[in-house]
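Visitor: 3D, please:
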Amino acid sequence: MLFIPAHEERFIAKAHLRGAEAIILDLEDSVPPDTKGVARSSLGSAAARLKEHGLAVIVRVNRDLANCVADIEAAVINGVDAIMLPKVNGPEHVALIDEFIGETEVSARLERGGMGLLPLIETPAALAVAARLHRPRHVFSA
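Guide: Have a look, this model is predicted:
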């Protein structure tokens, strides 16, 4: 898997040459706050181009709620295989995001439950509850 800032066209254009099986279009840390809207709006074309090369496409969303909601609304589209959820803090967090992804799939006229979910355990507190994480949706693997 290769992380690429979702707003960097020059990286997206060459991603298929890097030997990765999956590309993670990052909306989180590698995208400056004033560029997040541009990054979200480029997801459709970026995902389509990456799919043409046979790559799996994952979108890493932001942790904060306002950006996370906007990111999921932009990322739940044809061509995106999974949402990567950073800084998971427990089972309730994953369950809430899973519910919202499902609602967004329905609104986008996609198959409910078709979008994968990759929760990232990045804190000691989350590691302590990792075994109890909510898993109704498939956990994506490339």
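Visitor: can you pull out the helices in this protein?
Guide: Shown for the chain, the helices assigned by DSSP state H span residues 9-14, 36-41, 43-52, 65-75, 91-107, 124-129.
Visitor: So which of the ones you listed is nearest Val59?
Guide: helix 65-75 (3.9 Å; CB to CB). Yep, even glycine has a C-beta here, placed from its N, CA and C like the rest.
Visitor: helices or strands up against the closest one?
Guide: helix 36-41, strand 82-85, helix 91-107 (3 or more CB pairs under 8 Å, 6 or more residues apart in numbering; DSSP states H and E).
Visitor: out of the ones you listed, deepest packed?
Guide: Highest mean neighbour count among those (mean count of other CB atoms under 10 Å): strand 82-85, with a mean of 24.
Visitor: Partner strands of that one, with direction?
Guide: Neighbouring strands of strand 82-85 in its sheet, by DSSP bridges, are strand 56-60 (parallel), strand 116-119 (parallel).
Visitor: before we move on, the earlier item: any chance of the helices of the chain in CSV with mean pLDDT and distance to Gly116 as columns?
Guide: Formatted as CSV, those follow (pLDDT from 0 to 100; distance: least, CB to CB, whole Å):
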stretch, mean pLDDT, distance to Gly116
helix 9-14, 95, 20
helix 36-41, 98, 19
helix 43-52, 97, 14
helix 65-75, 98, 11
helix 91-107, 93, 9
helix 124-129, 80, 19
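Visitor: Tell me which of those approaches Gly114 most closely.
Guide: Nearest to Gly114, of all those, is helix 91-107, at 6.5 Å by CB to CB.
Visitor: which secondary structure elements does that closest one contact?
Guide: Against helix 91-107 (3+ CB pairs under 8 Å, 6+ apart) you get helix 65-75, strand 82-85, strand 116-119.
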